[in-house]
Structures are given as structure tokens and as C-alpha cells.
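Undergrad: kindly generate the corresponding structure for this input.
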Amino acid sequence: MSQRIVPILILACLFAVAPSAAQEQPQPKKKLNVLLVMSDDLGWSIGTYGNEIAHTPNLDRLAARGVRFDRAYNQYPLCGPSRASFMTGMRPNNIGVLDNATRVRDKHRDVVTLSQLFMNNGYYAARTGKIYHQGIPGGVGGPGLDDPQSWHHTHNPPGAEFSTPGEEHDPQPEFGQSFRRVLGDGEGVEQADYQAADEAIRILREKRDQPFFLAVGFIRPHVPVIAPRKYFDLYDMSRIQLPEVPANDLDDIPSPAIYRPKNWGMSEEDCRESVRAYYASTSFMDAQLGRVLDELDQLGLTDSTLIVFASDHGYMLGEHFAWQKMMLFEPVSRTPLIVAGPGVARGTPARGLVELIDIYPTVVEMAGLKAPANVDGESIVRLLKDPSQRGKPAAFTQLDRGRREGRTIRTERWRYIEWNRGAAEELYDHDSDPDEHTNLAADPAHAHTLSQLREQLHAVLPPPATANTE
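TA: Got it, this is the predicted structure:
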């Protein structure tokens, strides 16, 4: 064989094996999808959180395949500030949203929201339903305080807040829509949450082959509590019980701590009916979540999607004879949070303290991205992988009700609340008093603990420049 032929044969061999070698190269890792689901005003009325009455099979199955956080705390017990904080990873006083009228960019024009960060990294970002603040019932069907820069696509399901066909009751019409309940006819297809789930399913089908960040915002169980009658029928009134509250429970609680009069003036029967309606509305929301989760399964997307379910804050259902939100007790400050997906432990609860602002850096890290430097939250990926690890040393929540400004710190054992820059204080020992019935702030035996917690609180949430005196 001539010397000229040998190089030609070598080149031919190289070209012959090149396609095979190329086929053996590892394929680029598929990006992690994100499904963020938010409920509105949902407390712990969930089966997986130990509520033996609540019928929430879809939240329960989500928790069974992921991590349920038992001590997750919101940063502000009101829709607008909590959602702005959650979506930016910043504390309310830092993002500057302290009411339901301020938009997320009013004080920080160039903030990069959670979904926007994913958009900047090649994801398709879409919203259906309520993610940023939206007034309910009057604002349903509109964008509310939505942030257009956060999405490629948005959908505002109109719902039927004022025109739902069915049986209607309102024990306290003087408080607006606060306790109106509607036992609806049919399946609820006219409701905003049903339509939000419909749109989520459509988006999943359309975008199944590209990385997505899909946010689904359900408005229930926010009042008015509306659900098809069949969800009310899940609950036997004989099983609906109100919390056990000592008759003198309010004696050692400072006046700024309670929002509205005792039980809002409702009779015991109306209180129990309101609890039942809240449960029914929660079950309806849970059913819509189930429809979205089923679609993920059917499309084969479950194993490539990180699912985050959270409420914007907790809720009171008669604890301390109080109802709804805008307070700083444990049932309002503590928030449901469930995370499931690839790389997440299955069916194991996490007892460590976390905050909703931690979701931003956590989701970003799970997707292999980097959070902005101005994010106040801390990644809790380690807890997703090993829920037995310790959480944060403390969680912080703040609130401003006009001339009643409050801030609270929650540690493993203690809750300390400061009103109007120390004009009134509360201290509860959760080891012996998990329902927060005994305020220890005036007990000299706990003066050192009080001082330590006050110092920790002020380090994260500095008191306002001037103190209110009411």
C-alpha cells in the first residue's frame, strides 16, 4: 500500500466513526419546570396538617410525595404585602409594600421578581389567577396589582362572585363580604378557581415541550366563601367545633392585638356555619389543585417539575374569639407550605423554622440559577433534601393597621410581639402554651428572655422612627 493511500484511509475511518461518537455525547440536562400554586387566606385546615375534619385529598397527596413544612411563617398577614414579599424574596419593609394599594415596583422599580428571573433565563412564565394582590370579590376578573414585567402571559378568570346561583347566607352584612357564604348549584365551573385551573391545564398542554414557570393563583378560601353545595355536604355540622378559648383569654392581651369585636358579633351557630363554609371552600380549591396535578401526571411532566404550594398567610377561625387575618398570633403568622419534585424528599415533614421569603432563593437554587443580592430570604434546599435538619433560628412577621403597628419574632420555643414600638408587648411559651393563652410579658421571671427576643427582633425589623400611642 502506498504512503499516499494510508492517510486517506485514516481520514475515512475518522469520518465513519464521527456520527456514532456524536450520538454518544451526553444530552444537555433538561431545565427544571416550576409550578407555583397559591391559595388565598388558607390556614391549617388541611388533612396533612392534622385536621381530622378537612377533606383535602390533593394537598394530602402532594405532601405525601414531597416535604410539608410545619413551621413556615409569612412576613405580613395581608394579601398585598405578603405576595409582594414572597415574589421578590424581600421583607415587606425592604420592598416597601405595606398595604394593599402599593405595587411591587412602586419603591423598587428595577426589582427582579421570582418569575422574571426565570424569564431572564429562557423560561416561559405565565400566570393564571391571583398572584399579586387582587381585591376579592370586587376585583375578581381584573389584573389587580399584577406586575406585567413578571410574565409572558397572564389570565384573569372572571368568576361569579356576585352572581353565583345557589343558596346564600350572610350573618353579618354590616361587615361587607366578610362572612357571606353561598352553597352553589352545579360543579362550580363559573368560579374563578375552576377557570384558573382550566387555563393552567391549557398552558401545560401548550408549553409541555419547553421550560416553564407557571403560577396558579386560587382565591379560595378567601371570603366570601363560595363553593358548590356538594363541598358543603362533605361536612356534618355535628362535627364542626369551635376552638376552646378560656373565658378570660383576652384579659392579658393588649388592645392592638385583636382585630374586630369578639367573634365579630356572630352567634355560636353562625360561627360554626362560617367554619363549615370555610372548609367547603377549601375543599373546592383543593379539587382544582387536583385537576392541575392530574394534568401534570398525564403529560408526563411531574418528574421534571418542582411544585410549590403556599398560602399568603394563615387564618383565624375563632381562636382568641378572633377571625380572619391582620393579627400576629400563631394561626395567622404560620402558613401552609408544601414542596415536591425532583431532588425533594418524599413524605417527610420538616419541623425547622422557615419563612416565605426563603422560597425565592430555594426555587432558584433548585433550578441551577442565582438569586439577586437584594433577596432577604435564605435557601432551604438542604431541608428539601433532608427535612430532619434544623431550620432558621427565628422567623419574623410585621403588620401595620394604621396607628397599630406590630412586629413579631418566632423562635423554636417563643413568640414575642411588640406593638407601637414597645408600648405593648406579648410573650408566649410554645412549649407549655402552644395556643398562646398566657401572656408572660409582664412576668419578671421572663425579663431576660423578653430582652433577648426584643433585641433579635429589632436587629431584623428595626422599630419605626416614631411610636404610636394607641
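Undergrad: residues near Gly290, how many?
TA: Neighbour count of Gly290, defined by other CB atoms under 10 Å: 17. Bear in mind the C-beta positions are built from the backbone N, C-alpha and C, glycine included.
Undergrad: distance check, it against Asn33.
TA: Gly290 is 19 Å from Asn33, where distance means CB to CB, to the nearest Å.
Undergrad: run the chain-centre distance for the longest helix along the chain.
TA: Longest helix in the chain, counting residues (DSSP state H): helix 268-298. How far helix 268-298 lies from its chain's middle: 15 Å, per CA atoms, centre = their mean, to the nearest Å.
Undergrad: show me what it is packed up against.
TA: For helix 268-298, the packing partners by 3 or more CB pairs under 8 Å, 6 or more residues apart in numbering; DSSP states H and E come out as strand 33-39, helix 57-64, strand 181-184, helix 192-206, strand 225-228, helix 229-232, strand 305-311, strand 316-317.
Undergrad: buried stuff in that helix?
TA: Buried residues in helix 268-298, counting neighbours by 16 or more other CB atoms under 10 Å, are found at 270-290, 292-293, 295-296.
Undergrad: okay, angle between it and strand 305-311 too, please.
TA: 170 degrees (axes from the mean of the first three to the mean of the last three CA atoms, to 10 degrees).
Undergrad: quick one: helix 268-298 to helix 57-64, angle?
TA: Angle, helix 268-298 to helix 57-64, by the same axes, to 10 degrees: 60 degrees.
Undergrad: name the element Asn94 belongs to?
TA: helix 92-95 (DSSP states H and E).
Undergrad: next helix or strand past that helix?
TA: Using DSSP H and E, the first helix or strand after helix 92-95 is helix 114-119.
Undergrad: what packs against that following helix?
TA: For helix 114-119, the elements it packs on are strand 33-39, helix 79-88, strand 124-129, strand 212-217, helix 359-366, judged by 3+ CB pairs under 8 Å, 6+ apart.
Undergrad: please identify the deepest-packed of those.
TA: Most buried of the helices and strands packed on helix 114-119, by mean neighbour count (mean count of other CB atoms under 10 Å): helix 79-88, with a mean of 28.
Undergrad: contacts for the helix or strand containing Arg68, please.
TA: Here Arg68 sits within strand 66-69, counting by DSSP H and E. For strand 66-69, contacts defined as CB atoms under 8 Å, 6 or more residues apart in numbering pick out 48-49, 307, 337-341, 344-350, 352, 354, 383-384, 387.
Undergrad: from those, which would you call buried?
TA: If we count by 16+ other CB under 10 Å, those have these buried: 48-49, 307, 337-341, 344-345, 348-350, 352, 354, 383-384, 387.
Undergrad: out of the residues you listed, which sit inside helices?
TA: Those of the buried ones among the contacts of strand 66-69 lying in helices (DSSP H): Leu383, Leu384.
Undergrad: so which of the buried ones among the contacts of strand 66-69 are in strands?
TA: Residues of the buried ones among the contacts of strand 66-69 located in strands (DSSP state E): Ile307, Leu337, Ile338, Val339, Ala340, Val354.
Undergrad: dump those to a markdown table, plus pLDDT.
TA: Output for these, formatted as a markdown table (pLDDT from 0 to 100):
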| residue | pLDDT |
| --- | --- |
| Ile307 | 98 |
| Leu337 | 98 |
| Ile338 | 98 |
| Val339 | 98 |
| Ala340 | 98 |
| Val354 | 98 |
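Undergrad: rebuild those residues as TSV, extending it with distance to Phe175.
TA: Formatted as TSV, those follow (distance: CB to CB, whole Å):
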residue	distance to Phe175
Ile307	36
Leu337	29
Ile338	31
Val339	35
Ala340	37
Val354	33
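Undergrad: which two among those residues are spaced furthest apart?
TA: Farthest-apart pair in these is Ile307 and Val354; separation 16.6 Å (CB to CB).
Undergrad: so who does the closest residue to Val344 other than its chain neighbours touch?
TA: Spatial nearest neighbour of Val344, chain neighbours left out: Leu384 (4.7 Å); criterion: CB to CB, 6 or more residues apart in numbering. For Leu384, the contacting residues are Val67, Val339, Gly343, Val344, Ala345, Thr362, Met366, by CB under 8 Å, 6+ apart.
Undergrad: redo that, cut-off 10 Å
TA: Contacts for Leu384 (CB atoms under 10 Å, 6 or more residues apart in numbering) come out as 66-67, 69, 306, 339-341, 343-345, 348, 350, 362, 365-366.
Undergrad: over to Asp209?
TA: Contacts for Asp209 were tallied using CB under 10 Å, 6+ apart; they are Leu299, Leu301.
Undergrad: next one: it from Gly300, what distance?
TA: The value you get for Asp209 to Gly300, if CB to CB is used, is 11 Å.
Undergrad: what are the neighbouring residues in contact with Pro387?
TA: If you count contacts by CB under 10 Å, 6+ apart, Pro387 has them with 66-70, 344-345, 347-352, 380.
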